[in-house]
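Novice: With the input below, show me the fold.
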Amino acid sequence: MTSTTPTATFGRVLTAMVTPMHADGSVDLDSCQRLATHLADHGHDGLVVNGTTGESATTTDEENVDLVRAVVEAVGDRVTVVAGVGTNDTAHSVAAAQALVKAGAQGALVVTPYYNKPPQAGVLAHMTTVADAIDVPVMVYDIPGRTGTAIESDTLLRLAEHERIVAVKDAKGDLFGASRIMAQTDLQWYSGDDPLNLAHLAQGAVGVVSVVGHVAGPQYAEMVTAVAEGNLDRAREIHRQLIPAVDALMHITQGAIMAKAAMRELGIIESAFIRLPLLEATTEQVERLRAGLRQSGLM
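Specialist: Numbering: from 1, shown residues only. All right, here's what the predicted structure looks like:
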């Protein structure tokens, strides 16, 4: 069957990379490059640096620039490097976006401002102000479970009018709402919630921005292709195969904890150190991780 996969500006399989750190808590740029190379070698055509899974809440602006530079140096000619630039301060987000684009980022991920819970007009102004300040395409990130504020449908329709805002990372969990916006705009949709990857792809998403992609990049790449080719039987097989791995990595609210543990278990990074207030996976959690990876055929 002929593929009908639409344009995907940022790629089709992206992982929101963890930020490797040494045991003393400092950023490990060598491991960062090793991880980026591993992901590029295993099914990915895009990477998100400095997203939530990259511990953006606790990394500094200077560290974020170093991380983007390191990833671009390692794989920037092979994958689209997208930098998370979202904060709850628009001026800070603009400065971060400009610095990370200068460092080589080929796209920007802008999350809804968190904690201060702006009105929808403020969400719109925040995101368009960041997009106005840079010359790379922008993906907006809708994750009300973390930010406390959803991007409402009318706001998404307005955001779609901006020439550089081309995509949505959707972790809202409203599948029908997503399909409604896809029907009304040219926004490229990315699943930002691993349990719903197949559902999003089946109704028109162009790709995924994943946490489980740390361990399942080739499988997600095959799933994306299977859906595009109309082979839903194969896509369902992959989805069901990965259920234990998804459960193992995502049973803790913050995916960075288990993703770092998985990368250490697989020998990709040396340390699973994670900055407070997050905590490293416990022995019991690592055992659950190993079991899930084995059941999914990933370990």
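
Novice: So what does R12 look like in phi/psi?
Specialist: Main-chain torsions, R12, degrees, to the nearest 10: phi -110, psi -30.

Novice: Ends of stretch 194-211, what's the gap?
Specialist: 7 Å (C-alpha to C-alpha, to the nearest Å).

Novice: Give me the mean pLDDT for it.
Specialist: Stretch 194-211 comes out with an average pLDDT of 98.

Novice: where along this structure do the helices fall?
Specialist: With DSSP state H, the ranges of helices along the chain come out as 29-41, 61-75, 90-102, 120-132, 144-147, 153-159, 175-184, 197-202, 213-228, 232-241, 243-250, 255-265, 283-295.

Novice: Make CSV out of those helices and add mean neighbour count.
Specialist: The C-beta positions use only the backbone N, C-alpha and C, and glycine is treated the same way. Formatted as CSV, those follow (neighbours: other C-beta atoms under 10 Å):
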stretch, mean neighbour count
helix 29-41, 20
helix 61-75, 20
helix 90-102, 18
helix 120-132, 19
helix 144-147, 16
helix 153-159, 18
helix 175-184, 15
helix 197-202, 22
helix 213-228, 24
helix 232-241, 16
helix 243-250, 21
helix 255-265, 25
helix 283-295, 16
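
Novice: Rebuild these as CSV, extending it with distance to M21.
Specialist: Shown next, in CSV, are the helices of the chain (distance: least, C-beta to C-beta, whole Å):
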stretch, distance to M21
helix 29-41, 8
helix 61-75, 10
helix 90-102, 19
helix 120-132, 27
helix 144-147, 21
helix 153-159, 34
helix 175-184, 34
helix 197-202, 28
helix 213-228, 15
helix 232-241, 31
helix 243-250, 19
helix 255-265, 8
helix 283-295, 17
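
Novice: Give me the pLDDT for G51.
Specialist: Confidence at G51, expressed as pLDDT, is 96.

Novice: show me the contacts for it.
Specialist: By C-beta atoms under 8 Å, 6 or more residues apart in numbering, the contact set of G51 is A16, M17, G84, L109, V209.

Novice: Equivalent analysis for G107, please.
Specialist: G107 is in contact with T9, F10, G46, T80, V81, V82, A83, V136, P137, V138, M139, counting by C-beta under 8 Å, 6+ apart.

Novice: What residues does the second one make contact with?
Specialist: Contacts here follow C-beta under 8 Å, 6+ apart; on that basis F10 touches G46, T80, V82, G107, P137, M139, A167, Q188, Y190, G207.

Novice: same deal with A235?
Specialist: Contact partners of A235, counting by C-beta under 8 Å, 6+ apart, are L198, L201, A202, M223, A226, V227.

Novice: What of L175?
Specialist: The neighbours of L175, taking C-beta under 8 Å, 6+ apart as the test, are L196, A199, H200, Q203.

Novice: which of those residues lies closest to I252?
Specialist: Checking those against I252 by C-beta to C-beta gives L196 as the nearest, at 17.8 Å.

Novice: my guess is the closest one meets G173, correct?
Specialist: Yes: counting by C-beta atoms under 8 Å, G173 is a contact partner of L196 at 6.9 Å.

Novice: Tell me which of the helices of the chain approaches A272 most closely.
Specialist: In terms of C-beta to C-beta, the element of these nearest to A272 is helix 255-265, at 4.3 Å.

Novice: And the closest one, what does it pack against?
Specialist: Judged by 3 or more C-beta pairs under 8 Å, 6 or more residues apart in numbering; DSSP states H and E, helix 255-265 is in contact with helix 213-228, helix 243-250, helix 283-295.

Novice: what about these, which gets the closest to R146?
Specialist: With respect to R146, and counting by C-beta to C-beta, the nearest of the helices and strands packed on helix 255-265 is helix 243-250 at 13.8 Å.

Novice: what about dumping the CA coordinates of that closest one to PDB?
Specialist: Output of helix 243-250 as PDB, limited to C-alpha atoms (Å, rounded to 0.1, in the frame of the first residue of the first chain):
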ATOM      1  CA  ILE A 243       3.300  -2.700  26.900                       C
ATOM      2  CA  PRO A 244       5.600  -4.200  29.600                       C
ATOM      3  CA  ALA A 245       8.400  -1.700  28.700                       C
ATOM      4  CA  VAL A 246       6.000   1.200  28.700                       C
ATOM      5  CA  ASP A 247       4.700   0.200  32.100                       C
ATOM      6  CA  ALA A 248       8.200  -0.300  33.400                       C
ATOM      7  CA  LEU A 249       9.500   3.100  32.300                       C
ATOM      8  CA  MET A 250       6.400   5.200  32.800                       C
END
